[in-house]
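Peer 1: Starting from these lines, generate the structure:
(chains A and B)
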Amino acid sequence: MAEMRIKVGLGSCGMAAGARKTQEAIDAALSAAGSAVRAERTGCIGLCFAEPLVEVIDGDNSYFYGRVDAAKAEQIVNGHVIGGQVQHDLLLTDDEMAFLNRQQRIVLRNCGVIDPENIEHYIARGGYQALQKAVQDMTPEQIIEEIKISGLRGRGGAGFPTWFKWDACRKAEGEQKYIICNADEGDPGAFMDRSVLESDPHALLEGMAIAARAIGCNQGVIYVRAEYPLSIQRLELAMADARAKGYLGQNIFGSGWDFDIYIKAGAGAFVCGEETALLASLEGERGMPRLKPPFPAQKGFWQQPSNINNVETLANVAWIILNGGAAYAEFGTETSKGTKVFALAGKIKRGGLVEVPMGMTLREIIFEVGGGIKNDAEFKAVQMGGPSGGCIPASLLDTPVDYENINKTGAIMGSGGMIVMDSTTCMVDMARFFLDFTQKESCGKCVHCRIGTKRMLEILTRITKGEGKEGDVELLTQLGEDIKAGSLCGLGASAPNPALSTIRYFADEYKAHIEDKTCPAHSCRDLLTYYIRPDKCKGCTLCSRKCPTGAISGELREVFVIDQEKCIKCGNCAAVCRFDAVEVK
Amino acid sequence: MANVEQKVDLQLLQPILDEYAAKPGSLIMILQHTQGLYGYLPKDALKAISAATGIAPAKILGVASFYTQFRLQPVGKYLIMLCQGTACHVNGSEKISAIITEELGIKDGETTADGLFTLKHVACLGCCSLAPAMMINDEVYGNLTADSVRQVLKDLAAKGGAE
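Peer 2: Residues are numbered from 1 along each chain as shown, chains lettered A, B, ... in the order given. Got it, this is the predicted structure:
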């Protein structure tokens, strides 16, 4: 019989879906069957919609089983691993596998493949060869040139050419330079950095070391969110293993060059994703942005030349050095080279992490890779760029995804979160939601951002409560433009985008809220009216028994009525009615 | 009980101060360790940090109040961090919050009278494909439904009450 291996995805997502129990069930079944095989740990392969995910490697073939609970785990072990029979009823369908097959995995090359806590796995996949090449066979200038050829741009959101930052920092004068990794992934809706940190921490460490070599520095810092405890734990372990192997520490590859990294846990502030705010936070201060110039490349951490890159950017670096910048640049479009990781979430059938070449259209990503909309509902919009981005409507689904084309839509590439929305999502509420976020996260330094976002939030809240006034949309637009112009950092400069982009594409919805006092998506509670259709009500009394305020009255087998004065619009009646008699307007 | 400042043993803090007080830029780290010890940042501990580092109390409070991680009040045994990210919002996190309030009688930022649970709304936890999601003491619970939330709370209440 061919050699069998069995892997369980143990990232945060998998564990939240119960992967630990799955792993225990597999091991129990294996041991009960007298097998010496044990479940292997791996990271996140990105198929979040099918977690807990189990992969059986049967000789040269690999089989993916999705949504594996304890019972299924036993079936897979006894049927496939012991019995040698593929359990077809539990396999992911071909359609679901399209999620993986349409991808081009560079950043995620090892995610879900290797055990993130075993450095030997990383080395077996070519790990640390790029660092050796960079240290022994290349000059720092050659490293930077290779990155320039690759066309790699910052994956944190702004899309600044990576080589340019490295070059500026290399040329800057200072006693102690720093390479800093921004792992403060705060964009609601983005989780690619967490996945890399949890599933392939060495890819980041190697990328950082190569960047450090290019810049000419020997100290690295990783600023990681405190909300990611598993990432911190796996990074610590990876750093200790890398030190033991001599990939970090003194005299790396006999070059006489020293480099090491330490971790600083962030304390929760979205604005710290902005690089100068991040520096302030690293220095133990309130995370408030500083005026640029001087740029961090000249005066950064402790006033020394510093280079700050995002996790995904750095996770590309080792692949580029090993395979050449030209190979990387073969993927993508004229201005946006390579691949990009996107986090698909919201009302999408197959949510998860995908890495595709730049230039793929939104339609391809959402419908072909992501499988379309949940329950085959109608696509309404996709939100890109989080609180700094915007909502892209159905009419623009054929937009190729690269920095320039997404900017044209009024959204931004951002870190790559894509939240898909259907007709039940209210666009005004979406704008309100993001303004609520940026208003809370504004550090307060700039008046426009601090007070302007609050005023915008007040107006949007009013509109969603049915108290919108004529002129509100114009006021929002004007405030938005002013905030963009009057804010120091990216947070303020982009905070109005969610409102501005929804006004641009969904003006009708604003109009419906303000003039007709209705919410077309049936989402804004204050604008809803629940009523019982006399033609459908059977008088079963269920709704009146479930109503928390006693607003529903009637006699058994007669038509029931809702007292609008008492109704708090909780929706319980609509949820429990078995005859679809409760209608919402 | 939850809002009453408790007497804390400042001796516990000494090793942290010995290690970090003299290092520049360590304030956030010191505060994180302090919160790790006491579960929140007691006023007396902040005073001790000020004395050891020479950083003005106002500045320490400024940093402590800037970041969402830090708490100036004790929290319950189980800290429910309910995700308010975009994907969770779109998938109904508001309803989940209402259910927690209904079950425990606490709103965002409050602690139950028995000191078992604190509810805190947080920005994205990064588990968007499992939305709606929450994290309780470093463990993530995803794909929440009204029933699953009630079950989790019930299990924890039984576990926490028994200890």
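Peer 1: Could I get the full set of helices for chain B?
Peer 2: Assigned by DSSP state H, the helices in chain B fall at B:14-20, B:27-38, B:43-53, B:57-66, B:86-90, B:93-104, B:146-162.
Peer 1: does the longest one come close to chain A?
Peer 2: No. For helix B:146-162, no contact with chain A is found by CB under 8 Å from any CB of the partner chain; the gap never falls below 9.2 Å. Where you see a C-beta, it was placed from the backbone N, CA and C, and this is true even at glycine.
Peer 1: Can you mark which positions in that helix are buried?
Peer 2: By neighbour count with 16 or more other CB atoms under 10 Å in any protein chain shown, helix B:146-162 contains the buried residues B:149, B:152-153, B:156-157.
Peer 1: model confidence over whichever helix or strand residue A:62 is part of, on average?
Peer 2: Taking DSSP states H and E as the criterion, the element that holds residue A:62 is strand A:61-65. Mean pLDDT, computed over strand A:61-65, is 94.
Peer 1: List the buried residues in that strand.
Peer 2: A:63-65.
Peer 1: Can you say which of the helices of chain B is packed in most?
Peer 2: Ranked by mean neighbour count, the helices of chain B are led by helix B:86-90 with a mean of 29 (mean count of other CB atoms under 10 Å in any protein chain shown).
Peer 1: Mind checking the pLDDT average for that helix?
Peer 2: pLDDT averaged over helix B:86-90 gives 89.
Peer 1: which residues does residue B:82 bridge with?
Peer 2: In this entry, residue B:82 is beta-bridged to residue B:121, residue B:134, by DSSP bridges.
Peer 1: Neighbours of it, how many?
Peer 2: 24 (other CB atoms under 10 Å in any protein chain shown).
Peer 1: The residue nearest in space to the middle of chain B: what's it in contact with?
Peer 2: Closest residue to the average C-alpha location of chain B: residue B:79 at 5.6 Å, with CA atoms, centre = their mean. Residue B:79 sits next to B:118, B:120, B:136-137 when contact means CB atoms under 8 Å, 6 or more residues apart in numbering or on different chains.
Peer 1: With residue B:40 instead?
Peer 2: Residue B:40 neighbours (CB under 8 Å, 6+ apart): B:71-75.
Peer 1: Also residue B:132?
Peer 2: B:83, B:88, B:91-93, B:96, B:142-144.
Peer 1: Cross-check the residues you listed against chain A and keep the overlap.
Peer 2: By CB under 8 Å from any CB, the members of the contacts of residue B:132 lying near chain A are B:91, B:142-143.
Peer 1: In CSV: those residues, plus neighbour count.
Peer 2: Converted to CSV, the ones next to chain A among the contacts of residue B:132 look like this (neighbours: other CB atoms under 10 Å in any protein chain shown):
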residue, neighbour count
B:91, 25
B:142, 26
B:143, 15
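Peer 1: Of those residues, which is the nearest to residue B:14?
Peer 2: residue B:142 (40.3 Å; CB to CB).
Peer 1: is it possible to export the buried residues of strand A:61-65 to TSV including distance to residue A:413?
Peer 2: Compiled in TSV, those are given as follows (distance: CB to CB, whole Å):
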residue	distance to residue A:413
A:63	35
A:64	30
A:65	34
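Peer 1: The longest strand seen in chain A packs against which elements?
Peer 2: Longest strand in chain A, counting residues (DSSP state E): strand A:339-346. Judged by 3 or more CB pairs under 8 Å, 6 or more residues apart in numbering or on different chains; DSSP states H and E, strand A:339-346 is in contact with helix A:192-199, strand A:352-357, strand A:417-422, helix B:86-90.
Peer 1: can you do 7 Å?
Peer 2: With contacts taken as 3 or more CB pairs under 7 Å, 6 or more residues apart in numbering or on different chains; DSSP states H and E, strand A:339-346 sits against strand A:352-357, strand A:417-422, helix B:86-90.
Peer 1: by how many degrees do the first one and strand A:339-346 diverge?
Peer 2: Counting by axes from the mean of the first three to the mean of the last three CA atoms, to 10 degrees, strand A:352-357 lies at 150 degrees to strand A:339-346.
Peer 1: I'd like the average pLDDT over strand A:352-357.
Peer 2: 95.
Peer 1: For residue A:583, see how far away residue A:558 is.
Peer 2: With distances taken as CB to CB, to the nearest Å, residue A:558 is found 18 Å from residue A:583.
Peer 1: actually residue A:488, not the one I typed
Peer 2: 50 Å.
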